[in-house]
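Undergrad: sequence-free structure coming up:
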């Protein structure tokens, strides 16, 4: 079975993102068909990008980078859970993506976003551009959670609607579908890609 990582991108204290991240993880495990791993960037604890070589060279010096590379290499697809900060994604998420290159490539991803009235949609669109540069195939499927604070109970727990559950299940199924089909050809395709073709050279 394929391995799907559910990546929670916000690391700030009291972040809401861990709630939809955990919820997606629980839903996914109920559906089966793949192995699902919750990847909480707050717990991963990466520093600001501190590798001297561009990630396309695949010459990692630091142990935290090597651990991160191994974790992402072992995943076949992703569900990104992103906040919207100033119309874009959290810095921790961008930083985590920038650490690597080859490990992300030729894998599908879907997006769950949250924020105010736009539900994090502007962050999601920024994220799509970043994912494309590291050769992640972003899927159309997306779940928006606008004004999420209006659906918190007295304990601060988000109350997911039936419609959101339905959207999330579709998102999970499509991510697994494409991860399963892309897995057999990824090794062959990566063998044809020049290591120096990454645009992130700085």
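TA: Structure's in. What do you need? Computed from a prediction, not measured in an experiment: that's the story for all the values here.
Undergrad: just the element for the spatially closest residue to residue 160 that is not a sequence neighbour, please.
TA: Nearest non-adjacent residue to residue 160, counting by CB to CB, 6 or more residues apart in numbering: residue 23, 6.2 Å away. No exception for glycine: its C-beta is placed from N, CA and C like everyone else's. Taking DSSP states H and E as the definition, residue 23 sits inside helix 18-31.
Undergrad: circling back: pull the contacting residues for the residue nearest to residue 160.
TA: Shown in contact with residue 23 (CB atoms under 8 Å, 6 or more residues apart in numbering): 158, 160, 168.
Undergrad: residue 173 too?
TA: Residue 173 touches 31, 33, counting by CB under 8 Å, 6+ apart.
Undergrad: for the record, mean pLDDT for the one helix or strand it maps to?
TA: For residue 173, the host element (DSSP H and E) is helix 162-190. Mean per-residue pLDDT for helix 162-190: 93.
Undergrad: can you pull the buried residues of that helix?
TA: For helix 162-190, a neighbour-count test (16 or more other CB atoms under 10 Å) marks 164, 167-168, 171-172, 174-180, 182-183 as buried.
Undergrad: parallel or antiparallel, which strands does the helix or strand that contains residue 82 pair with?
TA: If you go by DSSP H and E, residue 82 is part of strand 77-83. Partners of strand 77-83 in the sheet, by DSSP bridges, are strand 3-8 (parallel), strand 107-115 (parallel).
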